[in-house]
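Chemist: just to be clear, the model below is a prediction. Sequence and coordinates:
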Amino acid sequence: MRKKLAVIALGGNALLRGDQTGTIDEQEKNTFDTCKKIVGLIRKDFNIIITHGNGPQVGNILLRNEAGYDKYKIPQMPMDICVADSQGGIGYMIERMMRNVLTEEKIRRNVVTLVTQVLVDKHDPAFENPTKPVGAFYLKEEADLLAKKNNWIFKKDSRNRGWRKVVASPTPIEIVNEKVIRSLANSGKIVIAVGGGGVPVYKHDNGYLEAIEAVIDKDLASSVLATNIKADAFYILTDVPKVYINFNKKDQKALNKLKINNALKYLEKGEFGAGSMGPKIKAAISFAKNSGKESVITDAESLPKKGCGTRISL
């Protein structure tokens, strides 16, 4: 009998808390704790695929990129290499912590990390209006110089922390090697893939793959993967146990179940922020709509509990 297959998208909180500086000790402890919760699904007879974000980590890689060039003239690496770099580092950390948890829990499973490319459309409208902030904050004067020197685009941070480089965030079309990911997972391996939304690439008419300067939303890419490999469950882990309307207000309300039509109405009303819950809701809607199965948004602490989180369905 085939085991059920789950895709679990780890939010940044699963690796790095908002009040932490980002040391490797902090990240490893957070990752170990998250893996302990994920084991609950393995004990429920699930095969699992883990995806993850990379926001703070790739930001640090970009800082090192710029600092190394300014001081030592080390050639700067393009965005795709930086994203792949973060996939390898974070994937290694998750893999090692998961192996340690499995050893502690006396569970025999192999764990494998795949650096993942994701196909996008070179003509995606997102390339006409870059909106995704990456890297460090700069003064206006610094941003102007870098923009002129590198042909970059900068936008002012909404919280007045400075100016940040922005890149396009195109819609993911297909996960390269998704059949390999599915095969590995269905054979019982724990697979770590689609890190940071994957490295965005586009395909020429002759099949040649070329990288493109962009970042892909991690939850949306995870939703595409979960749909295409026919996963039985899609979990999006964040820093709250459920989705709320009127969040952080006196009349905030947790949602246990959410139909797609209602979720779309709440999105239109602005209940879910574009930089926080909004992308997660869109990814959950996409999986539920295209697979006919539930998406679940919750936190790692609640994951092992029956009926956890907010469940989005048709």
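Modeler: Right, received. Where do you want to start? Numbering: from 1, shown residues only.
Chemist: ok, the closest residue to Tyr138 other than its chain neighbours - how many residues close by?
Modeler: Nearest residue to Tyr138, sequence neighbours excluded (Cβ to Cβ, 6 or more residues apart in numbering): Trp163, at 5.0 Å. C-beta: built from backbone N, CA, C; applies to glycine. Using other Cβ atoms under 10 Å, Trp163 is surrounded by 21 other residues.
Chemist: beta partners of Trp163?
Modeler: Tyr138, Lys156 (DSSP bridges).
Chemist: from now on call the first residue 143
Modeler: Taking 143 as the first residue, the last one we looked at is Trp305.
Chemist: got the contact list for it?
Modeler: By Cβ atoms under 8 Å, 6 or more residues apart in numbering, Trp305 lies in contact with 279-282, 284-285, 296-299.
Chemist: which parts of the stretch 193-342 of the chain are strands?
Modeler: Assigned by DSSP state E, counting those that start in this stretch, the strands in the stretch 193-342 of the chain fall at 253-255, 259-261, 274-280, 296-298, 305-309, 316-317, 332-334, 341-345.
Chemist: redo those strands as CSV? Include mean pLDDT and distance to Leu147.
Modeler: Shown next, in CSV, are the strands of the stretch 193-342 of the chain (pLDDT from 0 to 100; distance: least, Cβ to Cβ, whole Å):
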stretch, mean pLDDT, distance to Leu147
strand 253-255, 98, 15
strand 259-261, 98, 19
strand 274-280, 82, 30
strand 296-298, 92, 39
strand 305-309, 89, 32
strand 316-317, 98, 14
strand 332-334, 98, 10
strand 341-345, 98, 24
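Chemist: for Phe414, find the nearest of those.
Modeler: strand 274-280 (17.4 Å; Cβ to Cβ).
Chemist: what does that closest one rub up against?
Modeler: Taking Cβ under 8 Å, 6+ apart as the rule, strand 274-280 contacts 200-201, 204-205, 208, 221, 288, 296-297, 299, 303-311, 356-357.
Chemist: could you list the buried residues of it?
Modeler: 274-277, 279-280 (16 or more other Cβ atoms under 10 Å).
Chemist: got the angle for that strand vs strand 305-309?
Modeler: Using axes from the mean of the first three to the mean of the last three Cα atoms, to 10 degrees, the inter-axis angle of strand 274-280 relative to strand 305-309 is 150 degrees.
Chemist: report the distance from the helix or strand of the chain with the lowest mean pLDDT to the chain centre.
Modeler: One helix or strand of the chain scores below all others by mean pLDDT, DSSP states H and E: strand 274-280, with a mean of 82. How far strand 274-280 lies from its chain's middle: 17 Å, per Cα atoms, centre = their mean, to the nearest Å.
Chemist: ditto for stretch 347-360
Modeler: Counting by Cα atoms, centre = their mean, stretch 347-360 comes out at 17 Å from the chain centroid.
Chemist: what are the ranges of the strands in the stretch 343-456 of the chain?
Modeler: 351-353, 375-380, 385-387, 395-397, 399-401, 437-441, 452-455.
Chemist: mind listing the strands the first one pairs with, and their directions?
Modeler: In the sheet containing strand 351-353, the strands it pairs with under DSSP bridges are strand 341-345 (antiparallel).
Chemist: repeat for the fourth one
Modeler: Strand 395-397 pairs in its sheet with strand 385-387 (antiparallel), by DSSP bridges.
Chemist: and the contacts of the partner strand?
Modeler: Contacts of strand 385-387 (Cβ under 8 Å, 6+ apart): 394-397, 400, 408, 413-414, 419, 423, 439, 451-452.
Chemist: 6 Å - rerun?
Modeler: 394-397, 413, 439, 452 (Cβ atoms under 6 Å, 6 or more residues apart in numbering).
Chemist: repeat that for stretch 251-270.
Modeler: 226, 229-230, 233, 237, 240-241, 244, 310-312, 314-318, 331-336, 340-344, 358, 363.
Chemist: could you flag which of those are buried?
Modeler: Buried, going by 16+ other Cβ under 10 Å: 226, 229, 233, 237, 240, 244, 310-312, 314, 317-318, 331-336, 340-344, 358, 363, out of those.
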